[in-house]
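Colleague: build me a model:
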Amino acid sequence: MPLPTDSRPTADAVDQTALLYELEPVVEENLNRHLAVAKEWFPHAYVPWSEGRDFDGPLGGTPWESGQSKLDETARTSLILNLLTEDNLPSYHHEIALLFGRDGAWGTWVHRWTAEEGRHGTAIRDYLLTTRAVDPIALERARMTHMSTGYVSPNSRQFVNSVAYVSFQELATRISHRNTGVYSGEPLCEQLLTRIAADENLHMIFYRNLLSAAFDAAPDATMEAVLDVVKGFQMPGATVENYTRKSVEIALAGIYNLRIHRDEVLVPVLRNVKALERTDLGPAGERAREELAGILDALDVAASRFEEKRDARLARRAESAQR
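Modeller: Next up is the predicted model:
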């Protein structure tokens, strides 16, 4: 039930542990819903094993060369970035297990989510190596570097912020996988990433429903949490080596960019939880909502500028190619 109007806590004052326990019935309800609709699938079924052959090394196979890949450089970059992000699953599990706990409905969800996410890295890596889409030595070195850094959530110990973050992040990840598959132009790659994106979508729905419940329980605190997350949002793969260069390449290709982030991630989640339409906010929540609306407007302007620069760049490239 919503907190009384005169006792709505701000994000600084809300009892994170009390809210965690208050929402456990919602977690149980959404866990049962998730288990009812989630479909069992097997990573091995999406990998064209018949295309595989030995690499050089102990087996004396054929060394990798870029010409062996059917994918262009941008598709490979996006797939590698997505894979390295998935590889950090042990760190993600550690973070959410510490925050949500390992008991009750929360604990069951933590383990179920981890088990489902574990399929993604397995399937993508098997696909990439079997089809010789990437340099296996460079990939393994990148994995070691990235996982050795680990991942620490910027929302550690802030339950409401964490729920807000994963509501946006799971949707962003779904879109990144789905768009990478489409961009690749390879039917098998698209089929695999579409399957993975379906998992991410169910995860997003789970967290988004929790965010909606958090708004009902503590509207001001949740609005402030959403504002904090939107202002500082970064994908969990942001610690991957050369991430900025990779993200620019992916943005120019239309796989994931500022326009997609605003229009296909932030706005749909905010619309679903009615963040900008709520009538139960106190002064702190109203201030946060006003600032959030201003950020969305600023992102719209920034996205339009990016699109103009991108289009001009592509036009120059096309003109150079015709000479």
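Colleague: every contact and neighbour count from this point should use C-alpha atoms.
Modeller: Will do.
Colleague: tell me which stretches of this protein form strands.
Modeller: Read by DSSP state E, the chain holds no strands at all.
Colleague: can you show me the helices along it?
Modeller: For the chain, the helices defined by DSSP state H cover 16-22, 24-37, 73-87, 89-100, 104-130, 136-149, 159-184, 187-217, 219-232, 243-252, 258-260, 267-272, 283-322.
Colleague: ok, now how distant is the residue at minimal distance from the centre of the chain from residue 261?
Modeller: The centroid of the chain falls nearest to residue 173 when counting by C-alpha atoms, centre = their mean (3.1 Å). Look at residue 173 and residue 261: by C-alpha to C-alpha, to the nearest Å, they are 11 Å apart.
Colleague: same question for residue 209.
Modeller: From residue 209 to residue 261 the distance is 20 Å (C-alpha to C-alpha).
Colleague: again with residue 210
Modeller: From residue 210 over to residue 261 the distance is 21 Å, taken as C-alpha to C-alpha.
Colleague: any buried residues in stretch 46-65, and which?
Modeller: Across stretch 46-65, burial judged by 16 or more other C-alpha atoms under 10 Å covers 46-47, 64.
Colleague: what sits up against that stretch?
Modeller: Outside stretch 46-65, the residues within contact range by C-alpha atoms under 8 Å, 6 or more residues apart in numbering are 123, 126-127, 129-132, 134-136, 188, 191-192.
Colleague: identify all contacting residues around the lowest-mean-pLDDT helix or strand in the chain.
Modeller: Every helix and strand of the chain was ranked by mean pLDDT, DSSP states H and E. The lowest is helix 16-22, at a mean of 85. Helix 16-22 is contacted by residues 100, 157-160, 214, 217 when judged by C-alpha under 8 Å, 6+ apart.
Colleague: quick one: least confident of those residues?
Modeller: Scanning those for pLDDT, the smallest score is found at residue 157, 64.
Colleague: so for residue 313, what's the pLDDT?
Modeller: pLDDT for residue 313: 83.
Colleague: stretch 299-308: which residues count as buried?
Modeller: So for stretch 299-308, counting by 16+ other C-alpha under 10 Å, buried means 299-300, 303, 306-307.
Colleague: turn those residues into TSV, columns for distance to residue 238 and pLDDT.
Modeller: Output for the buried residues of stretch 299-308, formatted as TSV (distance: C-alpha to C-alpha, whole Å; pLDDT from 0 to 100):
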residue	distance to residue 238	pLDDT
299	19	97
300	22	97
303	20	96
306	20	94
307	22	93
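Colleague: excluding chain neighbours, what is closest to residue 83?
Modeller: Excluding its sequence neighbours, the residue lying closest to residue 83 (C-alpha to C-alpha, 6 or more residues apart in numbering) is residue 121, at 5.6 Å.
Colleague: same question for residue 151.
Modeller: Nearest to residue 151 is residue 91, by C-alpha to C-alpha, 6+ apart, at 5.5 Å.
Colleague: equivalent analysis for residue 275, please.
Modeller: Spatially, and ignoring its direct neighbours in sequence, residue 275 is nearest to residue 223 (7.2 Å; C-alpha to C-alpha, 6+ apart).
Colleague: show me the contacts for that neighbour.
Modeller: Contacts of residue 223 were listed using C-alpha under 8 Å, 6+ apart, and they are 215, 275, 285, 288-289.
Colleague: and those, which is closest to residue 76?
Modeller: residue 275 (36.9 Å; C-alpha to C-alpha).
Colleague: so what does the closest one look like in phi/psi?
Modeller: Backbone torsions for residue 275, taken as degrees, to the nearest 10, come to phi -60, psi -40.
Colleague: that one: how many residues sit nearby?
Modeller: Using other C-alpha atoms under 10 Å, residue 275 is surrounded by 22 other residues.
Colleague: quick check: residue 95 touching residue 153?
Modeller: Yes - counting by C-alpha atoms under 8 Å, residue 153 is a contact partner of residue 95 at 6.8 Å.
Colleague: and residue 21, how close does it get to residue 290?
Modeller: Per C-alpha to C-alpha, residue 21 is found 30 Å from residue 290.
Colleague: kindly report the same for residue 137.
Modeller: 49 Å.
Colleague: flag the shaky bits of the chain, pLDDT-wise.
Modeller: Along the chain, the parts satisfying pLDDT under 70 run over 1-14, 155-157.
Colleague: which residue packs closest to residue 282, ignoring adjacent ones?
Modeller: Per C-alpha to C-alpha, 6+ apart, closest to residue 282 is residue 220, 6.3 Å.
Colleague: that neighbour: neighbouring residues, count only.
Modeller: 27.
Colleague: that one contacts residue 284, correct?
Modeller: Yes - look at residue 220 against residue 284 with C-alpha under 8 Å: they come within range, at 6.1 Å.
Colleague: contact partners for the nearest residue to residue 296 once chain neighbours are set aside?
Modeller: Leaving aside its sequence neighbours, residue 296 sits nearest to residue 262 (C-alpha to C-alpha, 6+ apart; 7.1 Å). Contact analysis of residue 262 by C-alpha under 8 Å, 6+ apart lists 296, 299-300.
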